[in-house]
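everything below, folded, please.
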Amino acid sequence: MNNSIQAIQQQFIIPLFYHNDAAVCMALTKALYQAGIRVIEFTNRGPQAAVNFAQLIQLRNDELPGLLLGVGTIQNEAEVIAYHGAGADFLVSPFFTPAISEAAKQHQIRWIPGCLTPTEIKAAQLAGWDCVKLFPANIVGPSYIKSIQELFPDMLYMATGGIDATAADISTWQKAGASAIGLGSKLITADILNSGNYAAIEQKTKELLQLVQ
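Predicted structure coming up:
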């Protein structure tokens, strides 16, 4: 497996997005890359996901060296196989299932399962995974990480869901012990997408990266 977890930890802020228009996906990816982003989670949540992801991989290979592209919302073994074959650097799910776990191991690709309760986190740990997606993070809040770290001190937590793209919220999660946070619509807002103002995304992302680094 690759060094995606180390890269995720180092970057801390992981942008995640999906759009039906491949041109929008590529423009977003370029803007994030220009801001300093080197890890992106492309969300598998629409009919054009597979086609658009393939174009992002081609864009990365042609123009964006060093960029890791993962795929989120992986729901079954078939998607593990498909996106591994498409060149995904890592996979993320909103839940833990043994079937996806085994498929990811078989294809030697890093998988980050979604967990919330101690039971789910323990299941992921027993299956051999050392990083989980804490989802939905806004339901439990940053203090939850401090509580469960006593039970699972060696587990890494990528908090995702409802986290604001503000210095205050990001700093709170960082201080609480999160290894990374996923930022979707709070960073890549509908207004910015509708207006095509990718420069605004680039600037905002630069500011947030400076904050955490």
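
going forward, measure contacts and count neighbours with C-alpha atoms only.
OK.

OK, contacts around the residue minimising distance to the centre of the chain?
Central residue of the chain (C-alpha atoms, centre = their mean): residue 41, 4.2 Å from the mean position. Counting by C-alpha atoms under 8 Å, 6 or more residues apart in numbering, residue 41 touches 14-17, 69-72.

return the helix or strand in the protein with minimum mean pLDDT.
The helix or strand of the chain with the poorest confidence is helix 190-195; it has a mean of 87 (mean pLDDT, DSSP states H and E).

quick one on the thing from earlier: the residue nearest to the centre of the chain in helix, strand or coil?
Of the three states, residue 41 takes strand under DSSP: H, G, I helix; E, B strand; the rest coil.

which strands or helices does whichever strand or helix holds residue 25 pack on?
Taking DSSP states H and E as the criterion, the element that holds residue 25 is helix 22-35. Applying 3 or more C-alpha pairs under 8 Å, 6 or more residues apart in numbering; DSSP states H and E, we find helix 22-35 packed against helix 49-63, helix 198-212.

tabulate those (JSON lines), appending mean pLDDT and distance to residue 159.
Conversion of those to JSON lines gives the following (pLDDT from 0 to 100; distance: least, C-alpha to C-alpha, whole Å):
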{"stretch": "helix 49-63", "mean pLDDT": "98", "distance to residue 159": "23"}
{"stretch": "helix 198-212", "mean pLDDT": "95", "distance to residue 159": "15"}
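
any idea how far residue 196 is from residue 27?
9 Å (C-alpha to C-alpha, to the nearest Å).

phi first, then psi, for residue 178.
Main-chain torsions, residue 178, degrees, to the nearest 10: phi -60, psi 140.

give me the pLDDT value at it.
Residue 178 carries a pLDDT value of 97.

picking that back up, neighbour-wise, which of the contacts of residue 41 leads?
residue 71 (29 neighbours; other C-alpha atoms under 10 Å).

and that one, what helix or strand is that in?
Secondary structure (DSSP H and E) places residue 71 in strand 68-72.

got the contact list for that strand?
Against strand 68-72 from outside (C-alpha under 8 Å, 6+ apart): 4, 38-44, 57, 83, 88-94.

now do it and helix 22-35, the angle between them.
130 degrees (axes from the mean of the first three to the mean of the last three C-alpha atoms, to 10 degrees).
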